[in-house]
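Novice: what would the 3D arrangement of this be:
(2 chains)
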Amino acid sequence: MANVTLRNVRKTYPGGFEAIKGVNVDVGDGQFCVLVGPSGCGKSTLLRMVAGLETVTGGEIDIGGRIVNQVEPADRDIAMVFQNYALYPHMSVFNNMAYGLRNRGMKEAEVKTRVEEAARVLELSPMLERKPRQLSGGQRQRVAMGRAIVRQPKVFLFDEPLSNLDAKLRIAMRVEIRKLQRRLNTTSIYVTHDQLEAMTLADVLVVMNGGQVEQVGNPLAIYEKPATTFVASFIGAPPMNLMSIRAEEIKSQLGSTEAGILGIRPEDFVITDQTPAGGVALPLTVEAIERVGAETFVYGTRQQDEQRVAATPGELPPGEVIVRIPGSEAPPIGERIRVAAMRAKLHLFSGDGRTRIEA
Amino acid sequence: MQKQAIFQSKLLPYALVAPQLAIVLIFFYWPAAQAVIQSFLLQDAFGLSTSFVWFDNYLDLFSDAAYFEAIVRTFFFSFAIAVSSLSVALLLAIMADKPMRGGSLYRTLLIWPYAVAPPVVGVLWIFMLHPSLGVLSRYLREAGIDWNPLLDGNQAATLIILAAAWKQISYNFLFFLAGLASIPKSVFEAAAIDGARPMRRFWTVTFPLLSPTIFFLLVVNIVYAFFDTFGIIDTMTRGGPGTSTVTLVYKVYSDGLLGGNLGSSAAQSVILMVMVIVLTGIQFRFVERKVTY
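Specialist: Numbering: from 1, shown residues only, chains lettered A, B, ... in the order given. Okay, the predicted model is just below:
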């Protein structure tokens, strides 16, 4: 059991490239922290720095009250689950899990008890004598988990552990990991690029971009009040609609505001002829319809050409708006519709997208 | 997908493989057959009469103490060459595998010696270690070692092993480097987190995972030490002093071409041929199956 605290952590590579530009995160005892961000944002590097697999060039990493910057990975009392599982291919499942215990000089009887207990929890008992190549992807994943839990470390580190699994198995394993973590109550740091995985697993969500933390907090709080346009468009699928406020039709509805960018989530629009008080209404031409059963996504373009706002992943083409409506009823393609969102559902950001403005 | 190529004429495919077949037939099967025939024959000293003697040449060999010595010597040389070049190559490969500045330059330089032909290797080492010309010999004598491989059989043997192993390091290095590259880095990282110190990591993770490569190279190195060291021995010691560096291959040459005993020489080369077939058989049987894990 331990807190993990990162204080102004930096990583500069010898070539001068700064991968991590001063990160501050505090993960409480037993909490599940998820680092999420697009590829190349530095989330894996940060996790590997906590593991001790990458050097720290600035700041402090504190695990359970001890600064571990100079401590070997083996002595940090952490366990890590790798994206490719990193099982020892020449060892049986039992030996894979026992390896870390034997290296630490644990008595063979105790090793056996611990491995068998972990195997029972993870439903691996019948395959303890098998080699990793004789296992399916999901089973290998569970062995990797088992190797982490037998050690009973202070902290679990997960580096995109589910990204090699197919979609169904990924959801099942996601739930398993969460249940297991709750039961063991071990502080965990989990890296993913999948915002859905991040939302569902995290106690503390850390959204990263370009080596920096964009926002830290409870996943729902982040969803409801994204701090920057990057977070707004990264968290939530389909992404939040972002548009420049300079467009005359929006400016006239919002009145004078210092904000430069307006964001509205697809599900906050309704198709209506009314304009809610203080809200925003937009005329759209329907361009495409996606029906997924319980809900339907309507892709429309606004009348006016729109200037591009701050570049973010998953950003819509300029002037395109996604509207999410329940059920499968949808207007036909080519029809002109009018959508509106209430005042309380509007997100306002400064012109550079870096600051949220509370209206 | 049709895998079979279609030829208009039935003769064309044969014509296309003919040059290759001709080379194999003329330079391999024909001399091999000649050797087998020759090994059953005995010629008088002047080459005037030849008689068929069945297995006498073989029987003579097995009762010949010098041949027995050559067998033991060859096995010892092979073992020493294989072990020393494999271990040095593995060490170098592990070090070159680490990310470092100018890593590709080191790797390239370490591969170069493979391009040097065995007789040239012999000459090169002679220049360094010749008792009167050698650069290193001077330092050895200054260090109080009575270095003279032209007179001392053990020193001559050491010299041969050294030169032959040195040449093979590059080849082994290349395979080890490829072998190491095929092991995911995260496996080593997992082992580091699992509390295995570098030496333990080597013996419990790296070594077992490289064992298919090691086994393959062991066979290749033994074959090399058996046969390809001829050029090195011929340029460095010519089997001397005495017979202290005469290996099986060198004995085939010296008995047959220098000693004129063609029957015995042929019998020896047939025995060598059988050894190569056995070694290759072992290699195919085990390496292709990837026995170890």
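
Novice: isn't A:V111 up against A:N103?
Specialist: No: under the criterion of C-beta atoms under 8 Å, A:V111 is not in contact with A:N103, lying 10.6 Å apart. Every residue, glycine included, has its C-beta placed from N, CA and C.

Novice: what's the neighbour count on A:Y299?
Specialist: 20 (other C-beta atoms under 10 Å in any protein chain shown).

Novice: same deal with B:S137?
Specialist: Neighbours of B:S137 using other C-beta under 10 Å come to 18.

Novice: so how far is chain A from it?
Specialist: 43 Å (C-beta to the nearest C-beta, to the nearest Å).

Novice: got the phi and psi for A:L162?
Specialist: phi -100, psi 0 (degrees, to the nearest 10).

Novice: that one contacts A:E176, doesn't it?
Specialist: No: counting by C-beta under 8 Å, A:L162 does not reach A:E176; the two are 9.9 Å apart.

Novice: compare those two (neighbour count), which wins?
Specialist: A:L162 (26 against 19).

Novice: need the contact list for B:L140.
Specialist: Residues near B:L140 by C-beta atoms under 8 Å, 6 or more residues apart in numbering or on different chains: B:L129, B:W147.

Novice: in three-state terms, label it for me.
Specialist: Assigned by DSSP: H, G, I helix; E, B strand; the rest coil, the conformation of B:L140 is helix.

Novice: from A:T57, how far off is it?
Specialist: Shown here: B:L140 relative to A:T57, a distance of 48 Å by C-beta to C-beta, to the nearest Å.

Novice: quick check: residues of the stretch 151-293 of chain B near chain A?
Specialist: B:184, B:186-187, B:189-197, B:200, B:204-205, B:208-209, B:292-293 (C-beta under 8 Å from any C-beta of the partner chain).

Novice: show me which of those residues are buried.
Specialist: By neighbour count, with 16 or more other C-beta atoms under 10 Å in any protein chain shown, these hold B:184, B:186-187, B:189-196, B:204-205, B:208-209 as buried.

Novice: now, those residues that are in helices?
Specialist: B:S186, B:V187, B:E189, B:A190, B:A191, B:A192, B:I193, B:P208, B:L209 (DSSP state H).

Novice: farthest-separated two in these?
Specialist: Greatest spatial distance among those (C-beta to C-beta): B:I193 and B:P208, at 18.6 Å.

Novice: residues touching the nearest residue to A:T187 once chain neighbours are set aside, list them.
Specialist: Leaving aside its chain neighbours, A:T187 sits nearest to A:V155 (4.9 Å; criterion: C-beta to C-beta, 6 or more residues apart in numbering or on different chains). The neighbourhood of A:V155, defined by C-beta under 8 Å, 6+ apart, consists of A:A2, A:V4, A:V50, A:I63, A:R76, A:D77, A:I78, A:A79, A:T186, A:T187, A:S188, A:I189.

Novice: same check, this time on A:N8
Specialist: Taking C-beta under 8 Å, 6+ apart, one finds A:G22, A:V23, A:N24, A:G58, A:G59, A:E60 in contact with A:N8.

Novice: out of those residues, which are buried?
Specialist: A:G22, A:V23, A:G59.

Novice: domain parsing for chain A?
Specialist: A:4-226, A:230-350 (automatic domain parsing).

Novice: rank these by pLDDT, which is bottom?
Specialist: Among the domains of chain A, domain A:230-350 carries the lowest mean pLDDT, at a mean of 81.

Novice: how far off centre is that one?
Specialist: 24 Å (C-alpha atoms, centre = their mean, to the nearest Å).

Novice: what is the neighbour count of A:I67?
Specialist: 13.

Novice: can you check A:A74 too?
Specialist: That count, for A:A74 with other C-beta under 10 Å as the rule, works out to 18.

Novice: what's the distance between the residue nearest to it when sequence neighbours are not counted and A:V111?
Specialist: Spatially, and ignoring its direct neighbours in sequence, A:A74 is nearest to B:G195 (4.1 Å; C-beta to C-beta, 6+ apart). B:G195 sits 13 Å away from A:V111, taking C-beta to C-beta as the criterion.

Novice: residue numbers of the stretch 101-250 of chain A in contact with chain B?
Specialist: A:N103, A:R104, A:K131, A:R147, A:R151.
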